[in-house]
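Colleague: quick one, fold the following:
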Amino acid sequence: MFRAAFRRLLAIDDPPERTALAFSIGVFIGFSPFLGLHTIVATALAFLFRFNKIAIYTGTFINNPFFTLVPIIIASYAIGAFILGRPLRIPDEGLELLKNPRLFSGDYYRLLFVQSWGIVWTFAVGAMVLSVVCSLLAYPLTLRALRTYRKHKLTRSNTD
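Modeller: I've put the predicted structure just below:
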């Protein structure tokens, strides 16, 4: 599936720099902590900046929920925990809340929010770092692939 999307990315007629930029912005969105909003953000940016939708969506959907979403979430949390100096596990208080839910208690939900905030914050910090790093890597790699592909395609068409 990703291979087919990448082939479509190579066939885009936009300048390689613009296509690589759209793809890398998509990668940034795909690794961002705003789970559930990736497609909306990608669509808004594609229309706002007139990016090629195939390029930005290909980058955004690098976090395919069936294959890569869970490893990305785990990596994001691990990076965030490392940066913030937190342990890689859920605090005991949070585990206790999950083991013994009191669904009809307002106090339970207040405690759940307080306990989950540390996990969400850790994940968000790690996801933003991962977003920046991966998008910065995606731009030159994609630009190089696009230029190589177009150069090869031009050479092939000149020999025909």
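Colleague: could you list the low-pLDDT ranges of this protein?
Modeller: In the predicted model, the chain carries pLDDT under 70 at residues 1-7, 9-11, 65-66, 98, 157, 159-160.
Colleague: which residues touch whichever helix or strand Ser24 is part of?
Modeller: Here Ser24 sits within helix 16-31, counting by DSSP states H and E. With contacts defined as CB atoms under 8 Å, 6 or more residues apart in numbering, helix 16-31 is touched by 9, 12, 14, 38, 41-42, 45-46, 51-52, 55-63, 72, 76, 127, 130-132, 134-136, 138-140, 142-143, 146-147, 150. Where C-beta positions appear, they are placed from N, C-alpha and C, glycine not excepted.
Colleague: pull out the buried residues from these.
Modeller: With neighbours counted by 16 or more other CB atoms under 10 Å, those contain buried members at 9, 12, 14, 38, 41-42, 45-46, 51-52, 55-63, 72, 76, 127, 130-131, 134-135, 138-139, 142-143, 146.
Colleague: okay, and which of the residues you listed map to strands?
Modeller: Secondary structure from DSSP state E places none of the buried ones among the contacts of helix 16-31 in strands.
Colleague: Val129 reaches Phe82, doesn't it?
Modeller: No: using CB atoms under 8 Å, Val129 is not in contact with Phe82; the gap is 9.4 Å.
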